[in-house]
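Kindly generate the corresponding structure for this input.
(one chain, ligands or ions: 1)
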Amino acid sequence: MQKLIVGNWKMNGLSADLVEAEAVAAGLGDAAVRVGICPPATLVERMSRTLAGTLVAVGGQDCRAEASGAFTGDVSAEMLADAGATLVILGHSERRAGFGETDALVAAKVEAALRAGLEPIVCVGETLAEREAGRAIAVVTGQVRRSLPAALAGRPFAVAYEPVWAIGTGLTPTTDQIAEIHAAIRAELVAVLGDAGARAPILYGGSVKPANAAEILAAAEVGGALVGGASLKASDFLGIIAGA
Ligand code: PGA
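Numbers count the residues shown, from 1 in each chain. This is a model prediction of the structure:
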């Protein structure tokens with residue numbers, strides 16, 4: 001299956017950085033991968049215009065579950081879609097940890113994404129303490145079970161396995177550790193969603209860079225990558241895409 005490589009710019013990026021997205025689109029050639037970039041909300045509309053007609057999709061990094069209302073500072077799935085997004089990252093560990101997002105809230109946001117016609121990328125991952133306590137599989141499969149509503153069946157979506165201790169640290173799990181968790185996620189997806197759970201790509205995220213991308217992307221059940229720091233520069237991001 002075609003790999004899905006998504007860049008998560010996090011809270012980085014001004015107008016001047018749109019040239020990086022343009023360079024990614026220009027450098028893709030006929031790459032046999034799906035590529036997306038999720039810039040901060042302020043750039044979603046401009047990046048969508050800039051990348052119109054290219055193979056690079058644009059996404060949000062979060063959305064509110066409600067479609068509209070008195071929620072100062074928040075952005076809805078409908079607003080992201082209206083701005084040109086087709087993807088949205090949900091349940092990223094920086095939101096789970098920093099904003100107290102629960103699995104139930106993530107599931108509500110997934111429903112919102114589907115309502116707006118967006119393809120959700122639902123993030124799960126264990127902390128270092130949880131891994132050291134031997135609980136990585138239990139934590140991750142529990143997050144999958146509770147964050148993915150039944151409404152996902154028949155709709156395009158992806159899961160991203162991002163061990164919290166690997167995000168932005170330069171540390172990565174071994175490919176055996178990645179394959180072990182991805183296999184557990186696959187089994188849980190099939191248990192929860194049946195056939196639909198058998199097809200959804202499971203991305204790996206956490207310190208993916210050009211030097212380790214090919215090895216990680218070749219591991220069993222790795223359907224792509226969610227890339228933070230190394231997605232900010234087109235040359236790095238293209239180097240990762242080339243590893244797919
Ligand atoms: P990183 O971030 O690639 O900078 O480790 C990944 C992520 O948080 O999605």
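
quick one: contacts for E221?
Residues in contact with E221 (CB atoms under 8 Å, 6 or more residues apart in numbering) are 179, 182-183, 185-186, 202. Where C-beta positions appear, they are placed from N, C-alpha and C, glycine not excepted.

now, which of those lie within strands?
Counting by DSSP state E, the contacts of E221 place I202 in strands.

Inside helices: which ones of the contacts of E221?
Mapping the contacts of E221 onto helices (DSSP state H) picks out 179, 182-183, 185-186.

Narrow those residues to just the buried residues.
The neighbour-count test (16 or more other CB atoms under 10 Å) applied to the ones in helices among the contacts of E221 identifies 179, 182, 185-186 as buried.

In terms of distance to G224, which of these ranks first?
H182 (11.1 Å; CB to CB).

Quick check: chain neighbours aside, which residue is closest to that closest one?
Nearest non-adjacent residue to H182, counting by CB to CB, 6 or more residues apart in numbering: E221, 3.7 Å away.

check which helix or strand covers the one you found.
Secondary structure from DSSP states H and E places E221 outside every helix and strand.

Name the nearest residue to the residue in the chain positioned nearest to the ligand, sequence neighbours excluded.
The chain approaches the ligand most closely through G228 (2.3 Å), counting by CB to the nearest ligand atom. Using CB to CB, 6+ apart and skipping residues adjacent in sequence, the residue nearest G228 is N8, 5.1 Å away.

I'd like to know the beta-bridge partner residues of the one you found.
C38 (DSSP bridges).

Quick one: classify P120 as helix, strand or coil.
Here P120 is recorded as strand under DSSP: H, G, I helix; E, B strand; the rest coil.

how far away is it from G243?
Counting by CB to CB, to the nearest Å, the separation of P120 from G243 is 25 Å.

Between the two, point out the one with more neighbours.
P120 (31 against 20; other CB atoms under 10 Å).

Looks like that one contacts A160 (just checking).
No. Counting by CB atoms under 8 Å, P120 does not reach A160; the two are 10.1 Å apart.

Find the residues that touch each one of the two.
I89.

so L114, which of the three states?
Going by three-state DSSP: L114 is helix.

ok, it - contacts?
L114 touches 120, 151-152, 155, counting by CB under 8 Å, 6+ apart.
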